[in-house]
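In: I'll drop the sequence and a predicted model, then ask my questions.
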There are 8 protein chains.
Amino acid sequence: MTHLSDQTPASGPLPGVHDLGYARLDTDRLERTGDAEVVYGAGKTPSQVVELLRTLHATHPGHAVLATRLAVEAQEAVSAALPEAVVDPVGRTAVLGEAPVLRGTVAVVSAGTSDAPVAAEAATTARVFGAGVDLITDVGVAGLHRVMGVRERLDAADCLIVVAGMEGALPSVVGGLVGVPLVAVPTSVGYGASFGGVAALLAMLNSCAPGVTVVNIDNGFGAGVFAARVARRAAPAEVKAQ
Amino acid sequence: MTHLSDQTPASGPLPGVHDLGYARLDTDRLERTGDAEVVYGAGKTPSQVVELLRTLHATHPGHAVLATRLAVEAQEAVSAALPEAVVDPVGRTAVLGEAPVLRGTVAVVSAGTSDAPVAAEAATTARVFGAGVDLITDVGVAGLHRVMGVRERLDAADCLIVVAGMEGALPSVVGGLVGVPLVAVPTSVGYGASFGGVAALLAMLNSCAPGVTVVNIDNGFGAGVFAARVARRAAPAEVKAQ
Amino acid sequence: MTHLSDQTPASGPLPGVHDLGYARLDTDRLERTGDAEVVYGAGKTPSQVVELLRTLHATHPGHAVLATRLAVEAQEAVSAALPEAVVDPVGRTAVLGEAPVLRGTVAVVSAGTSDAPVAAEAATTARVFGAGVDLITDVGVAGLHRVMGVRERLDAADCLIVVAGMEGALPSVVGGLVGVPLVAVPTSVGYGASFGGVAALLAMLNSCAPGVTVVNIDNGFGAGVFAARVARRAAPAEVKAQ
Amino acid sequence: MTHLSDQTPASGPLPGVHDLGYARLDTDRLERTGDAEVVYGAGKTPSQVVELLRTLHATHPGHAVLATRLAVEAQEAVSAALPEAVVDPVGRTAVLGEAPVLRGTVAVVSAGTSDAPVAAEAATTARVFGAGVDLITDVGVAGLHRVMGVRERLDAADCLIVVAGMEGALPSVVGGLVGVPLVAVPTSVGYGASFGGVAALLAMLNSCAPGVTVVNIDNGFGAGVFAARVARRAAPAEVKAQ
Amino acid sequence: MTHLSDQTPASGPLPGVHDLGYARLDTDRLERTGDAEVVYGAGKTPSQVVELLRTLHATHPGHAVLATRLAVEAQEAVSAALPEAVVDPVGRTAVLGEAPVLRGTVAVVSAGTSDAPVAAEAATTARVFGAGVDLITDVGVAGLHRVMGVRERLDAADCLIVVAGMEGALPSVVGGLVGVPLVAVPTSVGYGASFGGVAALLAMLNSCAPGVTVVNIDNGFGAGVFAARVARRAAPAEVKAQ
Amino acid sequence: MTHLSDQTPASGPLPGVHDLGYARLDTDRLERTGDAEVVYGAGKTPSQVVELLRTLHATHPGHAVLATRLAVEAQEAVSAALPEAVVDPVGRTAVLGEAPVLRGTVAVVSAGTSDAPVAAEAATTARVFGAGVDLITDVGVAGLHRVMGVRERLDAADCLIVVAGMEGALPSVVGGLVGVPLVAVPTSVGYGASFGGVAALLAMLNSCAPGVTVVNIDNGFGAGVFAARVARRAAPAEVKAQ
Amino acid sequence: MTHLSDQTPASGPLPGVHDLGYARLDTDRLERTGDAEVVYGAGKTPSQVVELLRTLHATHPGHAVLATRLAVEAQEAVSAALPEAVVDPVGRTAVLGEAPVLRGTVAVVSAGTSDAPVAAEAATTARVFGAGVDLITDVGVAGLHRVMGVRERLDAADCLIVVAGMEGALPSVVGGLVGVPLVAVPTSVGYGASFGGVAALLAMLNSCAPGVTVVNIDNGFGAGVFAARVARRAAPAEVKAQ
Amino acid sequence: MTHLSDQTPASGPLPGVHDLGYARLDTDRLERTGDAEVVYGAGKTPSQVVELLRTLHATHPGHAVLATRLAVEAQEAVSAALPEAVVDPVGRTAVLGEAPVLRGTVAVVSAGTSDAPVAAEAATTARVFGAGVDLITDVGVAGLHRVMGVRERLDAADCLIVVAGMEGALPSVVGGLVGVPLVAVPTSVGYGASFGGVAALLAMLNSCAPGVTVVNIDNGFGAGVFAARVARRAAPAEVKAQ
């Protein structure tokens, strides 16, 4: 097969970019924003994920690097090729490299069992981006006593990530209990008129509790990055990653 | 002006219908469903509202009859023309005729100050349709202690009506506390991505608490009818209307 | 594979919760709301469904416990592992444990053949939650004589569940015939501009018949819980489950 | 004021077009499609409506010509300037010129009082376009006995126009009773989740009764044109307009 | 497996209904509306389709009966079991029984190659419901000369069915050329912002040509039923089906 | 009144910006993109519009400067204060300064009378941005002969702007006739399911004619800028503005 | 007029609530979350706003209290009745009471002139909630040099609030430049397919820059609360409010 | 199997149409619009694609002909059957026949790695339609330095195609830098609230940069046709295709 695209005059090499053919890594991002680029695994082959992780690791030797949204095949390929990587099948993530020194605490709170993958992605991301994590699961609003029972842990955090699908009510309840900055993550858990997470997204955008911000549906990664940045600034005291 | 519609051969008189020209009253509905027809005031002139209320009252001598969604002008016209009517400017309703014997209790719970009109419409409707009402206001989810503080009153009701705008989370919280049948009413209170009550509607349809049903946005009337029917069946003990 | 989540400091044990690792059962719900928790089968493996049903049964010895949304594989696993369970392939449910004493009657009315699974889920749920059921199928609005023919059975019920897809008109027709509390269930039956049940959902929310409430698309379970609660309150006379 | 648009080189005169500056009348349409152009009054001044009607009448001397969507001011201007015109304040229409010979019958059926303007627009349009009309009002689905009571009149028509707002269920009920071609007209009557007539529109598009077609929300005019064309073809017998 | 639904007290036999267990045939529909019920094949097994077709044929001996939306497996099962059936793999239909006498002509016009299945379903349905068909394909609006070239055939029809996906412009163009009643069928052909046929549906509902009515997306069947009813009334002259 | 905002430390002066307090003019834009900034009149007071136009004119002495979306009051204020300005009440624009040398031709084609304001805004914008304009109005798709009659003028243009509301079909028809680059402008003309221009927007995005691009609803300005840029590049021959 | 609601048995006094009849102030919120309740002015009369501000001030003597969304009449009433209040007509806010000690810096960045009210509301809120503010206006993405020119000020902030309407692109551009936590506020500025701010909201939720969170359309208040909480935690150094 | 459609009287042969049974080629389009018809591969079998390409090539001997949206199987079939064809697996296109003389330059700019297929389709289309292409990839708005670094190449082009998914911000940034006509292509890259490309589409329609036009989601082909037409007109200088 002759490929027309082979004949395309490629744009020249760009500074701060590592070109792998099928993707370019923004190796300058760490310097610009303080955080390294991340491998977004959706739509990539297992071997691409492995190569990207290895390249990111090589160009950021002192940092833990992260891959997200890994299919089971990609998780297995990473475990086989990079045995020192830490793979989480629940959150579908892989982490390679020395854990950062952790500063501050992000409490990741989730409503239902089905929200666990998004909560795990948020927790791992927050750790890789340098914050400690307190994971609090299964505190749905239909069982208020559970929410009340963890109020002190919520209050002790520097930033909260609250993950919920269906009616997405948990951020309003938590946001009314404590004054900690709160990032709400709607999940696509639900059916019918949940419209793939839209119901939860709208509920969170309309929260009656002040100081609630929102990220895209299922975007545990974005919430983790944001919360880690908040927590790191809030807590200069350093703790070595667990 | 000659009106083409004047020349239209009208459909003949229908049984069980009282024709006022601009509207026809279904005077058979009481017999068919146990509840009389109601004057829906939106889009009607003050004098039409007065005439419709008077006609309904005349055809249902032993019953209280109800008008809803009354503009201020219509409320004033009713007060002037029918001094024995009870007008509620908050719920925009008017009631004419002897209060029914009340059976059972509907607890009407609302989240915020702005939800008061819908809650009042629901409460008045439930009374006119024969149930006692316990009105519990301002128990938003951002102040959980208020919800917890009224749990016994919630538990004592035969049916709950829970009214909320914005993120519409209150029905889930209440529905997780007690096992009483619960009708949720989304309101159009909010702005931006509340989309005129759609956010609250979707949240209520996706409630994680089992046994929550929903009516149209701002439909306090429908919730009141439904809840009164449930409460009347649940509580044969009769109480004279307050 | 080393799992990062294995290292996560888990939140401590919560009272009234039975932790199975992949899910936590709210064993206190029965006391709080009068009804036991239920196994929602969507997204769970057959062996998880079996274990959850067995655990729920063990913690609620005197009650029938319910699993819903079971794939064929899960239905077969339950039949094999728990031969005393009653499995319904139409409604995709399984029931384990002694049938409750039934109080009152829920009439479940469905419009078309394709609505049968949702109607069956509603019927089974209502029974497990303690109400008798009268199932009336195939009474679509395009054949009014069928609706008229069952009017007495509708009138005799303590609560109605009306299930319909496509244009969702049946609740309005039934709600105009009788004054029994009515829960409408839109189904995802249809194509094109039915938008997966949205057309039926909107029709039901806008019903011109007073006293119609609505649940989420395909949510036979929620309608069954609600209707059983209404029927049980309405009818103190007890009947042993069929 | 100097107007830039005055300097615009206008496109030249087009054949079969009568240019009034602010609008061009397609005077050829009658020959092409058998029906004359119509004055759509929305957004036009009273004097423009009068002039357009007068011009249409002059270019179609043997035909009745129609204006729709007339504001009260435009209705009054037409009555004053063209006393021979027939103005209908309910349907907001004006008709000028000799009534056509009517062929066949269109039955216009409407659900609620608030649907009257759309039904009247449809009825007047059907007459101007040459069909007789049988107007049947207030036969909502919540009172089935009324629908059943007019079945013979429905069956006798050559084409049905069924007008309904809110849940839009009437076309399905009527379409299941008779085999006459049926055009459904959703109206913007309703609130909240009726979304300005979208709920009724979707219900009608998803009707379970075969042979139901639909026009735009509140489009009584379009339904009237269509139904008159069907009725004229069906009934060669001629009747002088009433 | 013991099935809970087996124990459900079934609703009793209804008159005019043929119960096959998994479906009930409305055998009275022919008498009520003049047209027999039809087998909607979506979601049915091949053997169910065969049995339903055979039963319909037996209960309507003098009529052709129709099955629509047949998967390839169902088409093959019908061909094998009912060799006298006429199967159309393009329109995914099967017809069994003597062709009706055809009255009047329905012109089925389609825009693009991908619209062929919907056009074929409409054409077959119109024939089975008793009208002759003139099928005119590939006359998209981007090639106006093709539309102009068939104007006489359009004008000769008693009813038009115009099928188009993507921008759905063809009905407006055709509706401006001739005054024949026109039913527009939007198809799901397109991608991106066609939203599965919604773009075409909206375009058709907003057609600037008067007298255009619309059916659901891909609903060739509904258009065929409607158009045949119109054509049969328009043309009493009888022609034996081709 | 003391204003908190008075105390706000303002951001310092930015280069290439002319600060008027309530707005800042990007006086560098001409150099950067070849076209001057424009006064968008929506939400501005008449005196602000006058001052902004005068300032833009002073900073761009050799260019015509443009104001769009002017309310009647703003048009009158401009005419009074800047008598040399050319005001167009149809397109709601004002132009101040020497007309540019025009290069190439933009044909602006509109479908209906109500689309005239958007077409006029597009035409004036194209002229101010340096292209000649051929304005062709009232060539709706329901009268194809008009479209066919102007084919040569369409073919002679360097860029086409096609303006249409309702079903938005005109760009597809025009785009199938000629190979000139075509920008489609949906307008908010319509009602009901036109959803304020969304129906036309979707139709244009799904056009079956290749080479059609689209701008926002009612965005005659954007289409004019774009088309003028295309026409200027296509036609180096210079013509003094009319 | 006799008011039915006057007879309603009101729910008893709640602890931590100051009841004004038409509203209840949550006077416990300060203790619970560290921030006092706020007067949301939309839908309140000028005298209610004055009374609520005065009451909040009396119950929180050492704190500045805030009112938002004030109509011009309410702003004037506050200025007249509470001359010590600071009223901002741009942001439509009023502040009463001693300014808090400011900790940390929130940079409020806005894209266009029309976004100023939302930016001002965010800035005032952040100050009242205890953070210093750096306001940076008119840095739209169509003039990148302006964004680049303020990079150091962005980098120096503890939290960013980025306000933009129309296409909502500014948060992505800013989020790619610096690693500071960023809250994006979509505004309702725009027309046509901006759908009242939905286009900007969706763009922000889908930002390709990591660490961007979003609040409701036009919700400058919510962004201000959140950002102040982040900035206060990040910067223990105290500065007296300007 | 007997096929009913076999018996359908086909519409007669149309001039300028090459009928292949399953599709008709508009062989006149080249003469009418200057560009040949194209094979849209979606939904076609590999052998149909091969035959259509071969037929188009035979009827347009002096032109390169194009097939788009080819599945892998169709790409392989074309490579095997037509070895002289140039197949691009990234853009999923095939080109057959002599490359045209290229005039002018289209710069195709894409934001992220996942946008490559749409960018490649646009680039190949532009070349086949006669323009030179400068392909510039991976210049997302989160790395502004990359955009700034290619400004001269952007400025040198005759037309820009800017391809972006997610928040779709790149066209606004590029459109603010240069005054070249710009066609924006939203892609379906994203998840959650990107709604399959709707977020990017809306952002582009609302771009604050003047002179941005938009095509359908993922419609690289349409953008390529349009841009080539613009570039060819702008640059009469001829260059032999690379």
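Out: Ah, there it is.
In: Let me know the pLDDT of A:Q242.
Out: As summarised for this prediction, A:Q242 has a pLDDT of 43.
In: Please name the bridge partners of A:L96.
Out: A:L96 forms beta bridges with A:V65, as assigned by DSSP bridges.
In: For chain D, see how far away it is.
Out: Distance, A:L96 to chain D, using Cβ to the nearest Cβ, to the nearest Å: 50 Å. No exception for glycine: its C-beta is placed from N, CA and C like everyone else's.
In: Tell me who's in contact with that residue.
Out: Going by Cβ atoms under 8 Å, 6 or more residues apart in numbering or on different chains, A:L96 touches A:53-54, A:56-57, A:64-65, A:67, A:82, A:84-86.
In: Surely A:G112 touches A:G190?
Out: No - under the criterion of Cβ atoms under 8 Å, A:G112 is not in contact with A:G190, lying 9.8 Å apart.
In: what's the overlap in contacts for those two?
Out: A:165-166.
In: tell me the contacts of A:S194?
Out: A:165-166, A:188, A:200, B:202, B:206, C:216.
In: would you turn these into CSV with pLDDT?
Out: Listed next are the contacts of A:S194 as CSV, based on pLDDT from 0 to 100:
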residue, pLDDT
A:G165, 95
A:M166, 94
A:S188, 96
A:A200, 97
B:L202, 97
B:N206, 96
C:N216, 98
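In: For chain A, which segments are assigned as helices?
Out: A:29-33, A:46-59, A:72-81, A:116-128, A:144-149, A:151-156, A:170-177, A:198-205, A:220-234 (DSSP state H).
In: how's chain A carved up into domains?
Out: A:12-96, A:101-240 (automatic domain parsing).
In: What score does the closest residue to chain D within chain A have for pLDDT?
Out: For chain A and chain D, the shortest gap (Cβ to the nearest Cβ) falls at A:A193, measuring 10.8 Å. On pLDDT, A:A193 comes in at 95.
In: I'd like the distance between it and D:G196.
Out: 19 Å (Cβ to Cβ, to the nearest Å).
In: So the two - more neighbours on which side?
Out: A:A193 (25 against 20; other Cβ atoms under 10 Å in any protein chain shown).
In: ok, that one - contacts?
Out: So A:A193 contacts A:199, B:202, B:205-206, C:197-198, C:201, C:216-217 (Cβ under 8 Å, 6+ apart).
In: Could you do A:P61 as well?
Out: Per Cβ under 8 Å, 6+ apart, neighbours of A:P61: A:G97.
In: backbone phi and psi for the closest residue to chain H within chain A, please?
Out: Using Cβ to the nearest Cβ, the closest approach of chain A to chain H is made by A:I217 at 3.2 Å. In terms of degrees, to the nearest 10, the main-chain angles of A:I217 are phi -60, psi 130.
In: A:C208 contacts B:A142, correct?
Out: Yes - if you go by Cβ under 8 Å, A:C208 and B:A142 touch, sitting 5.0 Å apart.
In: Neighbour count for these two, which is higher?
Out: B:A142 (26 against 23).
In: Wait, that one touches A:G175, no?
Out: Yes - between B:A142 and A:G175 there is a contact under Cβ under 8 Å: 6.5 Å.
In: Between these two, which contacts overlap?
Out: Common contacts of B:A142 and A:G175, defined by Cβ under 8 Å, 6+ apart, comprise A:A209.
In: Could you tell me which residues of chain A lie near chain C?
Out: Proximity of chain A to chain C, by Cβ under 8 Å from any Cβ of the partner chain, involves residues A:75-76, A:79, A:86-91, A:93, A:95, A:113-114, A:120, A:123-124, A:127, A:133-138, A:143, A:145-146, A:149-150, A:153, A:191-194, A:242.
In: Show me how to select, in ChimeraX, the buried members of the residues you listed.
Out: Buried members of these can be picked out in ChimeraX with the line below, counting by 16 or more other Cβ atoms under 10 Å in any protein chain shown:
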select /A:75,79,86,87,88,89,90,91,93,95,113,114,120,123,124,127,133,134,135,136,137,138,143,145,146,149,150,153,191,192,193,194
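In: Identify the residues contacting whichever residue of chain A sits closest to chain C.
Out: Chain C sits closest to A:G192 of chain A, with a gap of 3.1 Å, by Cβ to the nearest Cβ. Each residue near A:G192 by Cβ under 8 Å, 6+ apart is listed here: B:205-206, C:186, C:188, C:196-197, C:201, C:216-219.
In: ok, so of the contacts of A:S194, who is nearest chain F?
Out: Of all those, chain F sits closest to B:L202, with 19.7 Å by Cβ to the nearest Cβ.
In: tell me the contacts of the closest one?
Out: Counted by Cβ under 8 Å, 6+ apart, B:L202 has contacts A:167, A:193-195, A:198-199, A:202-203, B:168.
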